[in-house]
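Enquirer: Next come a sequence and a model predicted from it.
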Amino acid sequence: MGTSSRFRPRIALLHYTAPPIIGGVERVIAEHARLFAQAGYPVTMIAGRGGMDALPPQVEMASIPEIDSKYAPYLAMEDTLKAGGMPSKFPALQSRIEEALSRVLASMDVLIAHNVMTTHFNLALTAAVHNLMDRRVIRRTIVWCHDISRHVNPASGAAQFLGFPWDLLRRRRPDFTYAAVSIQRQRLLANVLKCPPGEIQVVSNGVDSAQLLGLSELGEHLVKEFGLSSADLIILMPVRITRAKHIEFALHVAAALKRSGVCLRLVVTGPPDPHVPDIRAYFAELKELRTSLSLAEEAIFAYDGTGKYPAPFILDATAVAQLL
């Protein structure tokens, strides 16, 4: 029996904006929300702008306008902040954000803060999260770094700002868990936080290949069944099996590539040509050649079928187009 969702940690995802706002981080947090919800975790998205219609139905949405990177009262403070001053209205905004976040986060077990602890687009929000951790309103925080403020990253070449609240972006906390989306981001963030890179986990952004490539259920099955996603090179032959197509030559090319260290797949999509009298014998010859060249895994005749679709398996034009 599976673990009930009520025993799973309650997760809050925090960002300035959420879908349907268009952006790379927005795309990633939507996928995180979907995957966590799919795995049975209670998920709440917290953002300044966004809408529930763009999120999976199981995901709750908490809108706090003050945490938006485009929140007008905050934008009015930016010039003062970049000049090294402290806007008179900053503490009040920070307090309002803390109060609003407290109501949502009091019932959460984990906060995953995307970019808001490493970029400067709403420093009142950054300060609020630090204070809520100090007050133990937040139980655990994962700082997920997609980007780093150019104003605390010496490698950026931009003006570097010091003092509160800028130094919060340089503050490494032992009660934070840090994740970066690439090795480059890991190294840059380690330099900013003055910590060993190994203290920052690297978690690359995932790609839903079926969605990205517009694959149908069948197309997704073929990609997985044939191991196409792990191949360095895919040689696709959208042809029927007949001597005129020189499939033997393709097998020898595949064997040579394999010997040179290339992880490849050779996929022949079509069935044996029914108009050729000795086609069964020819198909058997091809399979024998495949075996002698040690291409049992690399060379695939779709006609032989898959674990889900037994032979004779005929791919239609739509399935072949998806493989292309």
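Expert: Done, it's in.

Enquirer: can you give me the helices in this protein?
Expert: 24-38, 72-75, 78-82, 90-105, 123-134, 183-193, 209-212, 217-225, 247-259, 279-292, 317-323 (DSSP state H).

Enquirer: Same list (the ones you listed) but as CSV, adding distance to Leu236, mean pLDDT and mean neighbour count.
Expert: In short, each C-beta sits where N, CA and C put it, glycine included. Shown next, in CSV, are the helices of the chain (distance: least, Cβ to Cβ, whole Å; pLDDT from 0 to 100; neighbours: other Cβ atoms under 10 Å):
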stretch, distance to Leu236, mean pLDDT, mean neighbour count
helix 24-38, 28, 93, 18
helix 72-75, 51, 97, 15
helix 78-82, 52, 95, 14
helix 90-105, 50, 97, 18
helix 123-134, 49, 97, 22
helix 183-193, 32, 97, 18
helix 209-212, 16, 68, 12
helix 217-225, 11, 83, 17
helix 247-259, 10, 95, 16
helix 279-292, 16, 92, 14
helix 317-323, 6, 82, 15
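
Enquirer: so which of the ones you listed gets nearest His15?
Expert: helix 24-38 (5.5 Å; Cβ to Cβ).

Enquirer: Tell me which other helices or strands the closest one touches.
Expert: strand 11-14, strand 43-47, strand 110-114 (3 or more Cβ pairs under 8 Å, 6 or more residues apart in numbering; DSSP states H and E).

Enquirer: Let me have the ones you listed in CSV, extended by mean pLDDT.
Expert: Converted to CSV, those look like this (pLDDT from 0 to 100):
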stretch, mean pLDDT
strand 11-14, 97
strand 43-47, 97
strand 110-114, 98
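
Enquirer: Nearest to Pro277 among these would be which one?
Expert: strand 43-47 (61.6 Å).

Enquirer: Parallel or antiparallel, list what pairs with the closest one.
Expert: strand 11-14 (parallel), strand 60-63 (parallel) (DSSP bridges).

Enquirer: Now tell me what touches the last one from outside.
Expert: Think strand 60-63. By Cβ atoms under 8 Å, 6 or more residues apart in numbering, the residues outside strand 60-63 that reach it are 12, 18, 42-52, 55, 104.

Enquirer: distance between it and the chain's centre?
Expert: Computed by Cα atoms, centre = their mean, to the nearest Å, the separation of strand 60-63 from the middle of its chain amounts to 21 Å.

Enquirer: Let's test this: mean pLDDT of that strand, rounded?
Expert: Across strand 60-63, pLDDT averages out at 95.

Enquirer: Mean neighbour count and distance to Pro274 added to the helices and strands packed on helix 24-38, as JSON lines?
Expert: Converted to JSON lines, the helices and strands packed on helix 24-38 look like this (neighbours: other Cβ atoms under 10 Å; distance: least, Cβ to Cβ, whole Å):
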{"stretch": "strand 11-14", "mean neighbour count": "25", "distance to Pro274": "55"}
{"stretch": "strand 43-47", "mean neighbour count": "24", "distance to Pro274": "53"}
{"stretch": "strand 110-114", "mean neighbour count": "23", "distance to Pro274": "56"}
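
Enquirer: can those go into JSON lines with extra columns for distance to Ile241?
Expert: Putting the helices and strands packed on helix 24-38 into JSON lines (distance: least, Cβ to Cβ, whole Å) gives the following:
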{"stretch": "strand 11-14", "distance to Ile241": "50"}
{"stretch": "strand 43-47", "distance to Ile241": "49"}
{"stretch": "strand 110-114", "distance to Ile241": "50"}
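
Enquirer: Just tell me which of the ones you listed ends up closest to Gln322.
Expert: strand 43-47 (31.2 Å).

Enquirer: what angle do the closest one and strand 110-114 make?
Expert: With axes from the mean of the first three to the mean of the last three Cα atoms, to 10 degrees as the basis, strand 43-47 and strand 110-114 are set at 40 degrees to each other.

Enquirer: what does strand 43-47 contact?
Expert: Residues contacting strand 43-47 (Cβ under 8 Å, 6+ apart): 10-18, 29, 33, 36-37, 55, 58-64, 67-68, 101, 104-105, 108.

Enquirer: and if we set it to 6 Å?
Expert: Residues outside strand 43-47 that contact it (Cβ atoms under 6 Å, 6 or more residues apart in numbering): 11-15, 17-18, 33, 36-37, 59-62, 104.

Enquirer: Specify the angle between that strand and helix 90-105 in degrees.
Expert: 160 degrees.

Enquirer: How far does strand 43-47 sit from its chain's centre?
Expert: Relative to the centre of its chain, strand 43-47 is centred 17 Å away, using Cα atoms, centre = their mean.
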